[in-house]
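Enquirer: Sharing a model that was predicted from the sequence below.
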Amino acid sequence: LCALLSPALLPAVALMCLTEAFHDRARAWLVVKAIPLLVLTMIAVISPWLYRNYQVLGGIVPVRSNFGLELWIGNNPAANGKTFVTSAADSSSPYGRLHPNESPEEQAHLTAVGELAYMREKGANARSWIVSHPREFARLTVNRVRWFWFPDVDMWPASSPGRGLKALVLCGLSVAAMCGCLLQRIMRR
C-alpha cells in the first residue's frame with residue numbers, strides 16, 4: 001500500500017528492511033527470506049495501477065508519472081530548497097510559472113505533448129540543471145534536510161494561524177527524536 005499511496009516512502013521501507021536484517025544477526029535470514037514476499041506483494045498491489053498507466057499514458061509508469069516535474073520544481077534556477085519558494089499562496093512564486101496546475105502555458109504544453117512526454121522533458125531539464133549546477137544542487141539538498149527537521153515559519157502562508165507555534169512544535173519534535181535516537185544508542189552500549 002505504501003508503494004501505491006506514497007511511493008516516496010519506499011526508500012524508508014527498504015532502509016527498515018536492511019536495518020532489521022543487520023540489527024539482529026540471529027534473525028537476519030528470516031528478514032532476507034521475507035523480502036521476496038514483500039516485493040511480490042507490492043507488485044500485486046500496484047499491478048492494476050501499472051496496467052492502467054500503461055493503457056492511459058502509453059508507457060510503463062509503476063506508480064506516479066510526475067517525478068520529472070517535481071524534480072524540476074525543486075531543482076531549477078529559482079529554487080531555494082522549498083517546494084514553494086515563498087508560500088503556496090504567493091502568486092509571484094516561480095511555482096506558478098513552472099507547474100501546469102498554475103501556469104496556463106505549461107498546461108497547454110502538457111496537453112500538446114502528453115503527460116508522459118511532458119514529465120520526461122521536465123525530468124531531463126532537472127537532471128541537466130543538476131549536472132551543470134552541482135554546488136547549487138548540494139546547497140538545495142542541505143536546505144531540504146534542514147527544513148525537513150527544522151521548518152521555518154515561512155513554510156506556512158502569512159495568513160496561517162499559529163505558524164510560529166507550528167514551526168516551534170515541529171522543531172521541538174525533531175530535537176526530541178534526535179535525543180531519543182542518541183539515548184537509545186547510548187543505552188545499547
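Expert: The structure has been received and is ready for your questions.

Enquirer: in the protein, what secondary structure element scores lowest on mean pLDDT?
Expert: Within the chain, no helix or strand scores below helix 2-5, which has a mean of 76 by mean pLDDT, DSSP states H and E.

Enquirer: Report the mean per-residue pLDDT for the helix or strand that comes right after that helix.
Expert: With elements assigned by DSSP states H and E, the helix or strand that comes after helix 2-5 is helix 10-23. Across helix 10-23, pLDDT averages out at 83.

Enquirer: and the least confident helix or strand of the chain, how far from the chain's centre?
Expert: Relative to its chain's centre, helix 2-5 lies at 13 Å (CA atoms, centre = their mean, to the nearest Å).

Enquirer: With stretch 36-43 instead?
Expert: Per CA atoms, centre = their mean, the centroid offset for stretch 36-43 relative to its chain is 22 Å.

Enquirer: Kindly report the same for stretch 50-57.
Expert: Distance of stretch 50-57 from the chain centroid (CA atoms, centre = their mean) equals 22 Å.

Enquirer: Going by neighbour count, which residues of the top helix by length along the chain are buried?
Expert: Secondary structure assigned by DSSP state H gives helix 28-57 as the longest helix of the chain. Buried residues in helix 28-57, counted by 16 or more other CB atoms under 10 Å: 31, 42, 46, 50, 53. Using the backbone N, CA and C atoms, a C-beta is placed for each residue, glycine as well.

Enquirer: same question, stretch 168-176
Expert: Buried residues in stretch 168-176, counted by 16+ other CB under 10 Å: residue 170.

Enquirer: same thing with stretch 60-79?
Expert: 61, 63, 65-76, 79.

Enquirer: Walking through the protein, point out its helices one by one.
Expert: 2-5, 10-23, 28-57, 67-74, 95-98, 104-113, 115-132, 134-149, 163-188.

Enquirer: Residue 115: how many residues sit nearby?
Expert: Neighbour count of residue 115, defined by other CB atoms under 10 Å: 19.

Enquirer: got it, and residue 184?
Expert: Residue neighbour count, defined by other CB under 10 Å, stands at 9 for residue 184.
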